[in-house]
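Visitor: Generate a structure from the sequence data that follows.
(2 chains)
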Amino acid sequence: MISLRDITYKYHNDDAYALNHISIDFKRGSFVSILGHNGSGKSTLVKIIMGILRPTSGDIFIDGKPVDKDNPLELQRRFSIVFQNPDNQFVGATVIDDVAFGLENLGVPHETMVEKVESALKEVGMWEFRNHEPHRLSGGQKQRVAIAGALVTNPDVLIMDEATSMLDPDGRKEVLSILKKIHAERDTTILYITHDLREIEDSDYVFILRKGHVVNEGTVREVYEDTDILVSSNLELPYNIKLSKALCDGAYMSYEEVVQRL
Amino acid sequence: MLSSMILGRYIPGNSVVHRMDPRAKIIMTILFMVVVFMANNTVTYLSLILFVLFILVLAKLNPIFVVKGLKIVFVLLIFTFLMHLFLTKGGTVLIDAGWFTIESEGIVKGVFIGIRLVMLVVITTIMTLTTSPISLTDAIEKMAHPLKKFKVPVHEIAMMMSISLRFIPTLMDETDKIIKAQSSRGSTFMTGKVKDRIKALLPIIIPLFVSAFQRAEDMAIAMEVRGYTGGEGRTSFRVLKWTLKDTIGIIVVILFGVLVWWLRT
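Guide: Below you'll find the predicted structure:
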């Protein structure tokens, strides 16, 4: 169980708070999405969770114990993150080197490293590509490698920071299906950060951020039902929502249900 | 033109030479370069050529392919040959055109120096053709390890080298994109006076720098959150394995050097 308690953050040269009293809990093994438009505070929140920024006030608890703010390294071992731009997070010269990077930093002995890298790459289906250089991979493949590199250190939480926003539709599908698989097979908590409402359908729980406030939270169904909040948060409604709104006064229907209804 | 250029490129393969320890290859290359400078007569130069051909065969590289890829070097080669032809005096006078003479010593020197140049280029090219840039970086890191005592940040330099190598294709793509973007806005790079063309490069270089800095920052954050704190306490995924063939290789080059020393006049 990871809890953010009353997190507030203000950038030095800014009057407004980037984050306003954010409290979020996520259960181990859950798939949580955080939705928000540009400037809603998503990235700031990620940086705080990762220990890159220190909150102006508020605490982070892991299993009830507060995290030592002076020791962000401890946080980094619990959390792994996949960033937006697939090129800018590829450290190694080849796929296999990149996945090993996190383990090298932790000082893992060579034999264990080889095993772990292999199983992580197999998990995301990139083992055949292990000797490829990054420029020979598609965006989706690069993100899959990044996921393997994030999972290889066996983190409690895998954060996907808009990890699909630079991908083509196929790459996006690849990444989402891998996440679904990880969610089913591991007890890693997935924290999925996005501005795209279409990507949250597999989530257990959703938070909607607007200007540093949590404006709505709940299951996918609950969040979808309040379309006014979605619209006022500048989020574009997916077609099935628009349709279900038109068909039956806003009650949420999943894509399949809409098809059936039609 | 650029696609056939093989200077500094790596061609994956599975020959004995490919599988050798990169450290051994670097040492052998340096030793061979010393041997090249020992040669001073026909027999020794011939044996140099034979030795290089032998290595080419071992590395399963086609000599014609290598020669074709080194076209750019031949310009330099012809230039040095002509310099020797006209400027080195000695031996019998072959052509006397009054204001210049061509003498036999000039031809001999020209050919010898030409061979020397080709041998140096070919042997270093064999090294880069058969060793991936990343293993070369590893080898340099390992070999420079003793410098750590003198506070040289060996690991950091190697890390910088390998990240730079990894970003070369990415930045090439980026440059391509920027050129297209600027061309579509009406920039011309290929026509006009040299001065104008150099000026036209600015709108390419500036966006490229901006994006490179952005990438560098992203990369720094990505490395940091993956627990990178520098070389201390870090283990290495890649291990270099020194095997018998590496020792044999170095011995062979040394024996060859002894042979050349014995044959030289």
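Visitor: CA only for contacts and neighbour counts going forward, please
Guide: Fine.
Visitor: hey, where'd the strands end up in the stretch 151-265 of chain B?
Guide: With DSSP state E, counting those that start in this stretch, there are no strands along the stretch 151-265 of chain B.
Visitor: Then chain A?
Guide: With DSSP state E, the ranges of strands along chain A come out as A:2-9, A:19-26, A:31-36, A:57-62, A:65-66, A:79-82, A:157-161, A:189-194, A:205-210, A:213-218.
Visitor: The fifth one pairs with which strands, and in what direction?
Guide: Each strand paired with strand A:65-66, and its direction, by DSSP bridges: strand A:57-62 (antiparallel).
Visitor: Now do the strand it pairs with: distance to the chain's middle.
Guide: 19 Å (CA atoms, centre = their mean, to the nearest Å).
Visitor: Would you mark the buried spots in it?
Guide: A:D59, A:I60 (16 or more other CA atoms under 10 Å in any protein chain shown).
Visitor: Quick one: work out the angle between it and strand A:2-9.
Guide: 160 degrees (axes from the mean of the first three to the mean of the last three CA atoms, to 10 degrees).
Visitor: Go through the strands of chain A and name the closest to B:P12.
Guide: strand A:79-82 (30.4 Å; CA to CA).
Visitor: Contacts made by the closest one with the rest, please.
Guide: A:50, A:143, A:146-147, A:150-151, A:155-161, A:163, B:225-226 (CA atoms under 8 Å, 6 or more residues apart in numbering or on different chains).
Visitor: How about stretch B:177-188?
Guide: With contact meaning CA under 8 Å, 6+ apart, stretch B:177-188 is reached by B:R197, B:A200, B:P203, B:I204, B:P207, B:L208.
Visitor: and that stretch, which residues are buried?
Guide: B:I178, B:I179, B:Q182, B:S187.
Visitor: pLDDT on that stretch, on average?
Guide: Stretch B:177-188 carries an average pLDDT of 85.
Visitor: Run through the helices of chain A in chain order.
Guide: For chain A, applying DSSP state H gives helices covering A:42-50, A:72-78, A:95-106, A:110-123, A:139-151, A:169-185, A:220-225, A:227-232, A:239-247, A:255-261.
Visitor: between the ones you listed, which one is nearest to chain B?
Guide: For those, the distance to chain B is smallest for helix A:95-106, at 4.8 Å, taking CA to the nearest CA.
Visitor: Counting neighbours, what do you get for whichever residue of the stretch 151-262 of chain A sits closest to chain B?
Guide: Across the stretch 151-262 of chain A, the shortest distance to chain B (CA to the nearest CA) belongs to A:T153, at 9.0 Å. A:T153: 24 surrounding residues under other CA atoms under 10 Å in any protein chain shown.
Visitor: got a list of what it touches?
Guide: Contacts of A:T153 (CA under 8 Å, 6+ apart): A:R77, A:G102, A:L103.
Visitor: ok, of the residues you listed, which one's closest to A:K42?
Guide: Nearest to A:K42 among those, counting by CA to CA, is A:R77 at 20.9 Å.
Visitor: Surely A:A150 is in contact with A:M160?
Guide: No: A:A150 lies out of contact with A:M160 (CA atoms under 8 Å); the separation is 9.9 Å.
Visitor: which one of these two has more residues nearby?
Guide: The neighbour comparison of A:A150 against A:M160 (other CA under 10 Å) goes to A:A150, with 27 against 24.
Visitor: Give me the helix or strand of chain B that scores worst on average pLDDT.
Guide: Among the helices and strands of chain B, strand B:93-96 carries the lowest confidence by mean pLDDT, DSSP states H and E, at a mean of 78.
Visitor: Equivalent analysis for chain A, please.
Guide: Taking mean pLDDT, DSSP H and E as the measure, the helix or strand of chain A with the lowest value is helix A:72-78, at a mean of 65.
Visitor: Can you get me a residue count around B:I72?
Guide: B:I72: 14 neighbours (other CA under 10 Å).
Visitor: Quick check: which helices or strands does the helix or strand harbouring it pack against?
Guide: According to DSSP states H and E, B:I72 maps onto helix B:71-87. Judged by 3 or more CA pairs under 8 Å, 6 or more residues apart in numbering or on different chains; DSSP states H and E, the packing partners of helix B:71-87 are strand B:101-103, helix B:104-130.
Visitor: One more pass at 6 Å, please.
Guide: helix B:104-130 (3 or more CA pairs under 6 Å, 6 or more residues apart in numbering or on different chains; DSSP states H and E).
Visitor: now the helix it packs on, how far from the centre of its chain.
Guide: Offset of helix B:104-130 from its chain centre (CA atoms, centre = their mean): 14 Å.
Visitor: and it with helix B:71-87, angle?
Guide: With the same axes, to 10 degrees defining the directions, helix B:104-130 sits at 160 degrees from helix B:71-87.
Visitor: who's in contact with the helix or strand following helix B:104-130?
Guide: As assigned by DSSP H and E, the chain's next helix or strand after helix B:104-130 is helix B:133-143. Contact with helix B:133-143 is made by B:P22, B:R23, B:A158, as judged by CA atoms under 6 Å, 6 or more residues apart in numbering or on different chains.
Visitor: now, among these, which is nearest to chain A?
Guide: B:A158 (12.2 Å).
Visitor: For the stretch 101-250 of chain B, list the residues in contact with chain A, please.
Guide: Residues of the stretch 101-250 of chain B lying near chain A by CA under 6 Å from any CA of the partner chain: B:166, B:215, B:218-219, B:222, B:225-228, B:233-237.
Visitor: What about A:E257, how many residues nearby?
Guide: Residues near A:E257, counting by other CA under 10 Å, number 12.
Visitor: That one and A:I200: what is the separation?
Guide: Per CA to CA, to the nearest Å, A:E257 is found 17 Å from A:I200.
Visitor: can you check A:F83 too?
Guide: Separation of A:F83 from A:I200 (CA to CA): 17 Å.
Visitor: Could you do A:I81 as well?
Guide: 18 Å.
Visitor: Same drill for these two, tell me which one is more crowded.
Guide: Higher neighbour count among A:I81 and A:I200: A:I81, with 25 against 22, using other CA under 10 Å.
Visitor: Just give the nearest non-adjacent residue to that one, would you?
Guide: Sequence neighbours aside, A:I159 is the residue nearest to A:I81 in space, at 4.5 Å (criterion: CA to CA, 6 or more residues apart in numbering or on different chains).
Visitor: now A:I62
Guide: Among residues not flanking A:I62 along the chain, A:I2 sits closest, at 4.6 Å (CA to CA, 6+ apart).
Visitor: A:N88: how many residues sit nearby?
Guide: Neighbour count of A:N88, defined by other CA under 10 Å: 21.
Visitor: And the pLDDT at it?
Guide: pLDDT for A:N88: 89.
Visitor: per-residue pLDDT, B:M33?
Guide: In this model, B:M33 is scored at 94, pLDDT.
Visitor: What's the separation between it and B:L263?
Guide: In terms of CA to CA, B:M33 sits 17 Å off from B:L263.
Visitor: Repeat that for A:P134.
Guide: From A:P134 over to B:L263 (counting by CA to CA), the distance is 50 Å.
Visitor: Point out where the chain drops to low pLDDT.
Guide: All of this refers to chain A. Confidence mapping of chain A against pLDDT under 70 gives the ranges A:68-76, A:248-252.
Visitor: nope, chain B
Guide: B:1-8.
Visitor: can you list the domain ranges for chain B.
Guide: For chain B, automatic domain parsing gives the domain ranges B:16-131+B:242-263, B:145-225.
Visitor: Tell me which of these sits most buried.
Guide: Comparing these by mean neighbour count (mean count of other CA atoms under 10 Å in any protein chain shown), domain B:16-131+B:242-263 comes out on top with a mean of 17.
Visitor: Next, format the contacts of stretch B:177-188 as CSV and append distance to A:L237.
Guide: Listed next are the contacts of stretch B:177-188 as CSV, based on distance: CA to CA, whole Å:
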residue, distance to A:L237
B:R197, 49
B:A200, 44
B:P203, 39
B:I204, 39
B:P207, 35
B:L208, 36
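Visitor: Out of those, the closest to A:L235 would be?
Guide: Of all the contacts of stretch B:177-188, B:P207 has the smallest distance to A:L235: 30.8 Å, by CA to CA.
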